[in-house]
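Q: got a sequence here, can you build the structure:
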Amino acid sequence: MSKMLNLSLLIQVLLIGSFLVFNWQAEQAMDKSGIGNVEEWSHLNHLAGISINCLAICWISTFILILSGRCIQSKQAKLTIALPPLIFIVCWVGSFLI
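A: Got it, this is the predicted structure:
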């Protein structure tokens, strides 16, 4: 179970990273005034949406796996559930500050 939780955490962090990269690239493709490449912006936003949806599916699947394995009290299970949303929120808010 430990290796599976490590793999899930790694996948979730990679999905967060891909969301942030695609979102940043979409912002570079078109600025707030509407000048830019609309097709590229739309494509990159679509990829960012896929990343965030896959992240949600992976996080919920991990939560169900932990509940079914009854290892909710382990430190690693708590980190695997709590760390990805925290990383996502901190990085997403941080992207607005940069």
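
Q: so the residue most central in space within the chain is in which element?
A: Centroid-nearest residue in the chain, with C-alpha atoms, centre = their mean: Ile16, separated by 2.7 Å. Per DSSP states H and E, Ile16 falls inside helix 2-29.

Q: for the helix or strand following that helix, what does the pLDDT average out to?
A: Next helix or strand after helix 2-29 toward the C-terminus (DSSP H and E): helix 38-69. Mean pLDDT, helix 38-69: 93.

Q: show me what helix 38-69 is packed against.
A: When contacts are defined as 3 or more C-beta pairs under 8 Å, 6 or more residues apart in numbering; DSSP states H and E, helix 38-69 packs onto helix 2-29, helix 75-97. Any C-beta I mention is one placed from the backbone N, CA and C, and that applies to glycine too.

Q: before we move on, back to that, list the residues that contact the closest residue to the residue nearest to the centre of the chain other than its chain neighbours.
A: Leaving aside its chain neighbours, Ile16 sits nearest to Phe88 (5.0 Å; criterion: C-beta to C-beta, 6 or more residues apart in numbering). By C-beta atoms under 8 Å, 6 or more residues apart in numbering, the residues touching Phe88 are 16, 19, 55.

Q: okay, now the last one: neighbour count?
A: Under the neighbour criterion other C-beta atoms under 10 Å, Leu55 is assigned a count of 21.

Q: tell me which residues touch the nearest residue to Leu5 once chain neighbours are set aside, please.
A: Distance criterion C-beta to C-beta, 6+ apart; nearest residue to Leu5, sequence neighbours excluded, is Thr80 at 4.6 Å. By C-beta under 8 Å, 6+ apart, the contact set of Thr80 is 5, 8-9, 12, 62, 66.
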